[in-house]
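1. would you be able to build a 3D model of this:
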Amino acid sequence: MASTERPNWAPESIDLERPNAARIYDYLLGGAANFAADREFAEQLLTVLPEARGAARMNRAFLNRAVRFCVDAGIRQFLDVGSGIPTAGNVHEIAQRMDPSCRVLYADVEPVAVTHSELMLRDNDQAAAIRADFTDPDSVLDNETTRRVLDFDQPMALLLVAVLHFVPDDAQPYDAVARFVSRLAPGSYLVLSHSVERPSEEQAEGIDRLYDRADAPGVRRTHAEIARFYDGLEMVEPGLVNTPEWRPEPNDTSADQPGADVAIAGVARKP
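-> Purely as a prediction, here's the structure:
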């Protein structure tokens, strides 16, 4: 598909010529909800960071394990902010397979992500999707659909998976996370993953130059800076670790594969 051809599922507001983080991630995961500009960007990213595709898949696998952990811990509702474009192993599929009563609210600022989520959920009365911005927490928390799907008097899991590294410090991401967490009932969980600052300055500069062209430039943070997002919460073992090292499946060798150290992740409980 040429970049100027607009598919019928793409809202008119989308700039087909500008790469988008959610659609780039979709392409890396093998999805089809992306455009020529996104695919070109992703291929250039792979030349600078060849392990990017593996890292994306490891991040998705972490999400799967974290959702199952939360259901096992008694959580039956999930708020997935920056949920991205639906692909294999979506939160509602994982959670509702374990317990059909689980409720899921997806929120994303990307129109394609919301459009695809709405289509996927049209026959699912236990899940919904809204267009809202993480940096404006009340646009998510006070949304009528959010209040219909979720009960904030009961514990839930707040999922911020592979989203915060697209939120610069001047957008107040720490304040936004604190605002979300403040609305969660005790016994809730924060599930978070974030790309971590790499040792190669040359590689980092190449990635930065690429993302300067995208609609959400990437942000590099250190392990300590990422740990700040969990302030006031109780970390679940094994703490904040490389994504494939968080409660891996038996015989999982992902931790030894390229891309294992691109992102770190952890789950914490609100006391």
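
2. can you map out the strands along this structure?
-> For the chain, the strands defined by DSSP state E cover 77-81, 103-108, 127-131, 157-161, 189-195, 234-235, 241-242, 263-269.

3. got those as a markdown table, with distance to Asn143, mean pLDDT and mean neighbour count columns?
-> From N, CA and C alone the C-beta is placed, and that goes for glycine too. Below are the strands of the chain laid out as a markdown table (distance: least, CB to CB, whole Å; pLDDT from 0 to 100; neighbours: other CB atoms under 10 Å):
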| stretch | distance to Asn143 | mean pLDDT | mean neighbour count |
| --- | --- | --- | --- |
| strand 77-81 | 11 | 98 | 25 |
| strand 103-108 | 8 | 97 | 26 |
| strand 127-131 | 5 | 97 | 21 |
| strand 157-161 | 15 | 98 | 24 |
| strand 189-195 | 20 | 97 | 25 |
| strand 234-235 | 28 | 98 | 12 |
| strand 241-242 | 33 | 96 | 18 |
| strand 263-269 | 24 | 97 | 23 |
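
4. nearest to Arg53, of the ones you listed?
-> Closest to Arg53 of the strands of the chain, according to CB to CB: strand 263-269, at 12.9 Å.

5. contacts for that closest one, please.
-> Identification of contacts with strand 263-269 by CB atoms under 8 Å, 6 or more residues apart in numbering yields 55, 58-59, 62, 66, 69-70, 161-162, 165, 187-196, 223, 226, 230, 233-236, 239-243, 246.

6. so what's the nearest residue to Ala95 once chain neighbours are set aside up against?
-> Once flanking residues are discounted, Ala95 sits nearest to Cys102: 3.8 Å by CB to CB, 6 or more residues apart in numbering. By CB under 8 Å, 6+ apart, the contact list for Cys102 reads 71, 76-78, 92, 95-96, 126.

7. CSV for the strands of the chain, including distance to Ser182?
-> Formatted as CSV, the strands of the chain follow (distance: least, CB to CB, whole Å):
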stretch, distance to Ser182
strand 77-81, 13
strand 103-108, 17
strand 127-131, 20
strand 157-161, 11
strand 189-195, 12
strand 234-235, 16
strand 241-242, 26
strand 263-269, 14
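
8. next one: the closest residue to Ala255 other than its chain neighbours from Asn34, what distance?
-> Take Ala255 and drop its neighbours on the chain: the residue closest to it by CB to CB, 6+ apart is Pro244, 4.5 Å away. Pro244 sits at a distance of 25 Å from Asn34 (criterion: CB to CB, to the nearest Å).

9. tell me which of those two has more neighbours.
-> Pro244 (27 against 23; other CB atoms under 10 Å).

10. Glu144: neighbour count?
-> Other residues near Glu144 come to 8 when the count uses other CB under 10 Å.

11. could you pull out the helices in the stretch 101-250 of the chain for me?
-> Under the criterion DSSP state H, counting those that start in this stretch, the stretch 101-250 of the chain carries helices at the ranges 111-120, 137-141, 144-149, 173-182, 201-211, 223-227.
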